[in-house]
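>>> test case, fold it:
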Amino acid sequence: MEYTTLGTSGLKVSKVCLGTMTFGEQNSEADAHRQLDYALGRGINFIDTAEMYPVMPGPHTQGDTERYIGTWLKKPGNRARVVLATKAAGPNPNMVWIRGGKQNFDEANLRAAVEASLKRLQTDHIDLYQLHWPSRNVPIFGASVFDPAKERASVAIEDTLAALGKLVDEGKIGHVGVSNETSWGVSEFVKQAELQGLPRIATIQNLYNLTARHYETSLLDETCYRENVSLMAYSPLAFGQLSGKYVDNPKAHGRLTVLPVNWSPRYVRPGVYAAAARYAQLARAAGMTPARMALAWCYTRWFVASTIIGATTIEQLKENIDAYGTVLPPDLVAAIDAVHAQGPNPGQ
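Numbering: from 1, shown residues only. Below you'll find the predicted structure:
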């Protein structure tokens, strides 16, 4: 396993990060501990979670992911061996079970969110604290067009950074990051931090996989490069589509058949199925599994600091980690780019 430093934070993390959103829904506490032990044994020192998890989110399971991680962190020596990242939920009035459905990034909300996460995680500090999605109107989670008609009241970025700064000063969080952000958002966070002497974002956690390469075409890659903001790529297998299992069997057991279709419709668009089939064909012709090819491609992109992988079994987790270090031949990369050019970003 190789390691990298996240932005200007000084946090040294593995290039593969263990995602945990299945803990508490598709995985039991015992399953979660086995995955954490296995990942640590394979050199992964980076864990990502969120107060909202597990997925599918709901009032009876919310926070269970952090609780499962917390009981694991209490085992002797574990906390000191990992870089721990979690996220605060942004505005979503439908999630009434999270701070009464009025969650946002003002000081009161962020303090409540951090303190609740610390309690569930059974730790006194969070290494990287991220804003799960923006306070302001932004096209995310499958929306691709900015719509001014959807403008809403939001917390000013400088106010959010000031609130986070207090939590940093208190030692409750170490560094801050954003998620599901845009080029404008990253630039504004950096500008306000520099103008007002507030915490500078170290990371951005955004969707990135073979069916969703918007990061490359939205100027985010240049913005993050020039501002030294590290990308944590999430959903590298597009909810399992890029593993090829749904190509072989549309009813295969997995997130797309276990969770409601309307939870994340971007992964079931016809263009995603078509692209997944073509990528699977390329991988198998090259003598590798579709998952290995998709992950190796993501792992080796120059702008990806750490790739967040998730699994429901140790066997899947092993395959995902084993893909690290795979070098894709130039002709295969060219063939991947050709598929993308014929139908860009069907899963964005």
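
>>> C-alpha only now, for contacts and for neighbours.
Noted.

>>> assign the residue nearest to residue 135 when sequence neighbours are not counted to helix, strand or coil.
Once flanking residues are discounted, residue 135 sits nearest to residue 154: 5.3 Å by CA to CA, 6 or more residues apart in numbering. Assigned state for residue 154: coil (three-state reduction, DSSP: H, G, I helix; E, B strand; the rest coil).

>>> surely residue 154 meets residue 136?
Yes - the pair residue 154 and residue 136 passes the contact test of CA atoms under 8 Å, sitting 5.0 Å apart.

>>> please say which of those two ends up with more neighbours.
residue 136 (18 against 14; other CA atoms under 10 Å).

>>> quick check: mean pLDDT of stretch 169-179?
For stretch 169-179, mean pLDDT is 98.

>>> chain center to that stretch: distance?
17 Å (CA atoms, centre = their mean, to the nearest Å).

>>> so which bits of it are buried?
Within stretch 169-179, the residues scored as buried using 16 or more other CA atoms under 10 Å are 172, 173, 174, 175, 176, 177, 178, 179.

>>> neighbours of residue 322, how many?
15.

>>> all strands of the stretch 151-300 of the chain, in order?
Remark: strands assigned in the stretch 151-300 of the chain by DSSP state E, counting those that start in this stretch are 173-179, 201-207, 230-234.

>>> dump the ones you listed to a markdown table, plus distance to residue 84.
As requested, the strands of the stretch 151-300 of the chain are exported to a markdown table (distance: least, CA to CA, whole Å):
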| stretch | distance to residue 84 |
| --- | --- |
| strand 173-179 | 10 |
| strand 201-207 | 13 |
| strand 230-234 | 13 |
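
>>> returning to what we had before: same list (the buried residues of stretch 169-179) but as TSV, adding distance to residue 193.
Listed next are the buried residues of stretch 169-179 as TSV, based on distance: CA to CA, whole Å:
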residue	distance to residue 193
172	19
173	16
174	15
175	13
176	11
177	12
178	13
179	17
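
>>> out of the strands of the stretch 151-300 of the chain, which is closest to residue 19?
strand 230-234 (8.3 Å; CA to CA).

>>> for the closest one, packing partners?
strand 201-207, strand 304-309 (3 or more CA pairs under 8 Å, 6 or more residues apart in numbering; DSSP states H and E).

>>> and that strand, which strands flank it?
Take DSSP bridges as the rule and strand 230-234 pairs in its sheet with strand 201-207 (parallel), strand 304-309 (parallel).

>>> okay, those, which one's buried deepest?
Most buried of those by mean neighbour count (mean count of other CA atoms under 10 Å) is strand 201-207; its value is a mean of 25.

>>> can you give the distance of it from its chain's centre?
8 Å.

>>> now it: mean pLDDT?
Strand 201-207 comes out at a mean pLDDT of 98.

>>> repeat for stretch 279-295
When pLDDT is averaged over stretch 279-295, the result is 97.

>>> contacts only, for the closest residue to residue 6 other than its chain neighbours.
Using CA to CA, 6+ apart and skipping the chain neighbours, the partner closest in space to residue 6 is residue 230 (5.6 Å). Neighbouring residues of residue 230 by CA atoms under 8 Å, 6 or more residues apart in numbering: 6, 7, 202, 203, 204, 224, 303, 304, 305.

>>> format the residues you listed as a markdown table; extra columns: distance to residue 210.
Below are the contacts of residue 230 laid out as a markdown table (distance: CA to CA, whole Å):
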| residue | distance to residue 210 |
| --- | --- |
| 6 | 23 |
| 7 | 24 |
| 202 | 25 |
| 203 | 21 |
| 204 | 18 |
| 224 | 20 |
| 303 | 15 |
| 304 | 13 |
| 305 | 17 |
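
>>> re the thing from before, pLDDT wise, what is the residue nearest to residue 135 at?
Per the predicted model, pLDDT is 96 at residue 154.

>>> same deal with residue 306?
98.

>>> quick one: it and residue 18 touch, right?
No - using CA under 8 Å, residue 306 is not in contact with residue 18; the gap is 9.8 Å.
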